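1. Here's a sequence, model it:
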Amino acid sequence: MSKSKAEQNTLSLAELQNLIKRDPGGYKEEFQQQYVRFESDLQIFNLRPSEEAKDFGELVSFVAAVSQCYPSDTIGFVDKIKSLLEKHCLILDPALRQTLCRALILMRNRDLLSPTDLLELFFKLFRCPDKLLRITLYKHITGDIKRINQKHKQNQINKKLQNFMYEMLQDKHVIAAKKSLDIMIELYRKRIWADARTVNVLATVLTSEHSKLKVCALKFFLGSDDLEEDDDEDEQEDGKSYQDMLRNTTAKKSNKRKRLLKRQLAKEKKRDEKKDKAPIITSFSALHLLQDPQTTAEKLFKQLKSSKERWEVQLMQMNLISRVIATHELVVLNFYPFMEKFLWPHKQDVTQVLAYVSQACHPTVPPDTVTPVILKIAHNFVSEKSAPAVMAVGINAIREICVRCPLAMSEDLLSDLVEYKKFKKDKGVAVAARGLIATFRELNPKLLHKRDRGKPGEKDDLDENAIMEEFGQSRPMQFVPGAELLSLYQDSVQQKDGKGTTVDPSNEGENEDNDETENIVDDGESADEGEDDGDEVTEDLEEEEETNSPKEDGETVIDKLTAEERRDKAIALTNTRPLTQEDFDKIKEMQLEKKVLPAAGLKRSRLMEEVRESQLDPDDILPIMKKQRQTKEERLASIHEGREDRGKFTARKGHNGGTTNKMKEKQKNMPMIRQKVIKRRRQSLSQTRGQKRAQKKRHKGKFRKY
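-> Residues are numbered from 1 along each chain as shown. Next comes the predicted model:
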């Protein structure tokens, strides 16, 4: 049937929406009619809100799309939708609930709504049992807060939202609290809410009763150092990249391509200016932003002692407690005796436990607290009854503890552990023992035997600055470690320039490009390698050496200086002027190239600073192995990999070669094998077993094992 004229003249909501956007004044009457229809349908819908209402949803989407054209006529529209969601959000049809939320999001994107009211409503909607709705709300909330703080920080709005999120984290509904936690972590990852207030709100979740929330917070604090910077929409604006633009220069010339190239170049220039004017944001680890780390560590430890969580969660709690203790140098004395019960070779993930115990040690922990831990490791791991790999792990763990807390080691125990340097059964044990010796050569050589202290002619004799400090004692630094090398380098450059010309240390980085100063770094090779390969040096380098190079002068002078003279030179340079970053790079470069130790008394302090800044990886205490044993999954993977180009095992078709024994027996006459068959039938079961046993014994070792 053909449609009537009345049906043809009626417009659908999509067509009317298009016409209103083109001419709002000409279709105002039609809009008012649809709005009256919306109000009447809303009253009917409130009587039975659980029913499906597809027409009502289309009407809501229409009014939301054209509300910016008639702001005076749609004043109460938002309040009606919000009240409908607040009252009946749990019983609404999922499709209609999604439509209502999208309508509010559309109006918020057009700045027709304030962000605080809408976001508070959306946080409450996380309680709805609708996964698709939660995904939509999560994307909108993170994007909206990012857009609010895009130009500058909106502290008032942020404070209101953070207070509301703190209430949502305490919500009894686990899914709603989990979504709120995910939003805060995502905003911290994007550096939008990367402040101490956010971190301390997240720290309250560490002691939550719900396991999901607790694990999420633990992962955040343990992995916050590895969070990637936000390089999503901000870094890649709309349009082609600069590499794509360059293609227009080689393609066919046209006015359109010229306009596109000019427009893209303007965008690139604007983007570069924006990056240059952007403030430099310093990112700190979340652990550094804790306001009361001592209370946080004690609460976590109290929860760990009575924890009934699975073993993986307990490991994460141990790791976080040790990280907090090491970062802030806290004193939680009960933590170390508690960890002793896990220090057994047969325990699950014992290498991780050893790493966490070592990580929690620092100089302000009393040595009497750490010494029992070292003795426990030495007794359970480092003994002849243990496997070589276990012994190496134990010695490496003791070494890591002593690097952080050297006063906990006794001379008797150290002398026993050092004897394993001659362990012949396994190389990993000997390497671990030598690593322990090298550590105490720098920390406290007095504990070692004279034969283990190193060469007697080295310029690191013990003086008052090299003596090990007592517990609680600190000696302030008077100069920058390695500053004497920079002083000698400047003197040598001045001598080479000759005739009293001075070199400005601040312009030292510019002079490094000259041929005179390139001798200081020889492509990363050590000084020892340079001496061994001296005969193969080119003629150009020989000429430079003859002209009194700074490297040669620095080496000869540094060998003649005593420890006191080196210290005086370092103090003189440190007190003369502030050192630039180029100076520090040069000092590090010369130390690596010349392999010269810093002045006496500085080795331990520099080693301690490097240890404090880095966390301990459990792989660092594993023994050195040429080839580790493969797991079952790795072995199966290698087996299947070798079978890729090979067909399935099938019976061999045909026979190549001579006849087999079976074939020969079939060809013999019956009288020839009659006695053999009779004997085989008459033998007992024990005789048959003995015959098979003898056959296996004969063929033992002749078959290839797979």
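2. what's near enough to touch Leu290?
-> Residues counted as contacts of Leu290 (C-beta atoms under 8 Å, 6 or more residues apart in numbering) are Ala196, Val199, Asn200, Ala203, Thr296, Val324, His328. Yep, even glycine has a C-beta here, placed from its N, CA and C like the rest.
3. Tell me the helices and strands packed up against the helix or strand that contains the second one.
-> Element membership for Val199, per DSSP states H and E: helix 196-203. Contacts defined by 3 or more C-beta pairs under 8 Å, 6 or more residues apart in numbering; DSSP states H and E place helix 196-203 against helix 155-169, helix 174-189, helix 211-223.
4. pLDDT at Thr502, what is it?
-> On pLDDT, Thr502 comes in at 42.
5. For ChimeraX, write a command that selects the buried ones of the contacts of Leu290.
-> To isolate the buried ones among the contacts of Leu290 in ChimeraX, judged by 16 or more other C-beta atoms under 10 Å, type:
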select :199,200,203,296,324,328
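6. if we can go back for a sec, which one of the helices and strands packed on helix 196-203 is the most hemmed in?
-> Neighbour counts (mean count of other C-beta atoms under 10 Å) averaged over each of these peak at helix 174-189, with a mean of 20.
7. quick one: that one to helix 211-223, angle?
-> Computed by axes from the mean of the first three to the mean of the last three C-alpha atoms, to 10 degrees, the angle separating helix 174-189 from helix 211-223 equals 10 degrees.
8. just the helices in the stretch 251-400 of the chain please.
-> 255-277, 293-305, 311-328, 335-339, 350-359, 367-380, 388-404 (DSSP state H, counting those that start in this stretch).
9. would TSV of those helices with mean pLDDT and distance to Ile105 be doable?
-> Formatted as TSV, those follow (pLDDT from 0 to 100; distance: least, C-beta to C-beta, whole Å):
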stretch	mean pLDDT	distance to Ile105
helix 255-277	75	27
helix 293-305	92	37
helix 311-328	92	36
helix 335-339	93	48
helix 350-359	92	45
helix 367-380	92	56
helix 388-404	91	52
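10. could those helices be laid out in TSV, adding distance to Leu84?
-> Below are the helices of the stretch 251-400 of the chain laid out as TSV (distance: least, C-beta to C-beta, whole Å):
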stretch	distance to Leu84
helix 255-277	42
helix 293-305	42
helix 311-328	41
helix 335-339	53
helix 350-359	52
helix 367-380	62
helix 388-404	61
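11. quick one, which of those helices is nearest to Asp171?
-> Closest to Asp171 of those, according to C-beta to C-beta: helix 293-305, at 20.4 Å.
12. Just the buried residues of that closest one, please?
-> So helix 293-305, judged by 16+ other C-beta under 10 Å, has buried residues Pro293, Thr296, Ala297, Glu298, Lys299, Leu300, Phe301, Gln303, Leu304.
13. What of stretch 330-341?
-> Buried-residue list, stretch 330-341, by 16+ other C-beta under 10 Å: Leu330, Val332, Phe335, Tyr336, Met339.
14. Can you give me every residue that contacts the third one?
-> Each residue near Phe335 by C-beta under 8 Å, 6+ apart is listed here: Phe301, Ile321, Ser322, Ile325, Ala360.
15. same thing with Ala65?
-> Ala65 touches Gln17, Leu106, counting by C-beta under 8 Å, 6+ apart.
16. if we can go back for a sec, among the buried residues of helix 293-305, which one sits closest to Pro115?
-> Using C-beta to C-beta, those come closest to Pro115 at Thr296, 31.5 Å.
17. any low-confidence regions in the protein?
-> 1-10, 224-253, 273-284, 455-468, 495-560, 592-614, 625-628, 645-655, 701-706 (pLDDT under 70).
18. List of residues touching the helix or strand harbouring Gln34?
-> Assigned by DSSP H and E, Gln34 belongs to helix 28-47. Contact partners of helix 28-47, identified using C-beta under 8 Å, 6+ apart, comprise 11, 13, 16, 20, 51, 53, 55-56, 59-60, 62-63, 66, 69-70, 73-74, 80, 84.
19. could you redo the last one with a cut-off of 6 Å?
-> Applying C-beta atoms under 6 Å, 6 or more residues apart in numbering, the contact partners of helix 28-47 are Ala53, Phe56, Leu59, Val63, Tyr70.
20. List the buried residues of whatever helix or strand the fourth one lives in.
-> I take that to be Val63. Using DSSP H and E, Val63 maps to helix 54-66. For helix 54-66, a neighbour-count test (16+ other C-beta under 10 Å) marks Phe56, Gly57, Leu59, Val60, Ser61, Phe62, Val63, Ala64, Ala65, Val66 as buried.
21. Turn those into CSV, including distance to Ala355.
-> CSV is the format used below for the buried residues of helix 54-66 (distance: C-beta to C-beta, whole Å):
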residue, distance to Ala355
Phe56, 60
Gly57, 56
Leu59, 62
Val60, 57
Ser61, 56
Phe62, 62
Val63, 61
Ala64, 56
Ala65, 58
Val66, 62
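22. ok so, going back, starting at the chain centroid, how far to the helix holding Gln34?
-> 55 Å (C-alpha atoms, centre = their mean, to the nearest Å).
23. Give me the distance from stretch 478-496 to the chain's centre.
-> That offset, for stretch 478-496, works out to 38 Å (C-alpha atoms, centre = their mean).
24. Pull out the buried residues from it.
-> 479-493, 496.
25. Tell me the one among the buried residues of helix 54-66 nearest to Lys664.
-> Gly57 (88.6 Å).
26. Test my guess that that closest one contacts Cys101.
-> No - using C-beta atoms under 6 Å as the test, Gly57 is too far from Cys101 to be in contact (11.1 Å).
27. what's the spacing between Asp111 and Ile183?
-> In this view, Asp111 and Ile183 are 22 Å apart by C-beta to C-beta, to the nearest Å.
28. next one: Met409
-> 48 Å.
29. again with Ser386
-> In terms of C-beta to C-beta, Ser386 sits 49 Å off from Ile183.
30. again, but for Gln695
-> For Gln695, the distance to Ile183 - C-beta to C-beta - is 73 Å.
31. List phi and psi for Lys308.
-> The phi and psi values for Lys308, taken as degrees, to the nearest 10, are phi -120, psi 20.
32. Show the contacting residues for it.
-> Counting by C-beta under 6 Å, 6+ apart, Lys308 has no contacts.
33. what about 10 Å?
-> Ser211, Gln314 (C-beta atoms under 10 Å, 6 or more residues apart in numbering).
34. same check, this time on Pro115
-> Counting by C-beta under 10 Å, 6+ apart, the residues that Pro115 touches are Arg108, Ile141, Asp144, Ile145, Arg147, Ile148, Gln154, Ile157, Lys160, Leu161.
35. Among the residues you listed, name the buried ones.
-> Buried among these by 16+ other C-beta under 10 Å: Arg108, Ile141, Asp144, Ile145, Ile148, Ile157, Leu161.
36. Leaving out sequence neighbours, find the closest residue to the last one.
-> Once its chain neighbours are removed from consideration, Leu161 has its nearest residue in Leu119; the separation is 6.1 Å (C-beta to C-beta, 6 or more residues apart in numbering).
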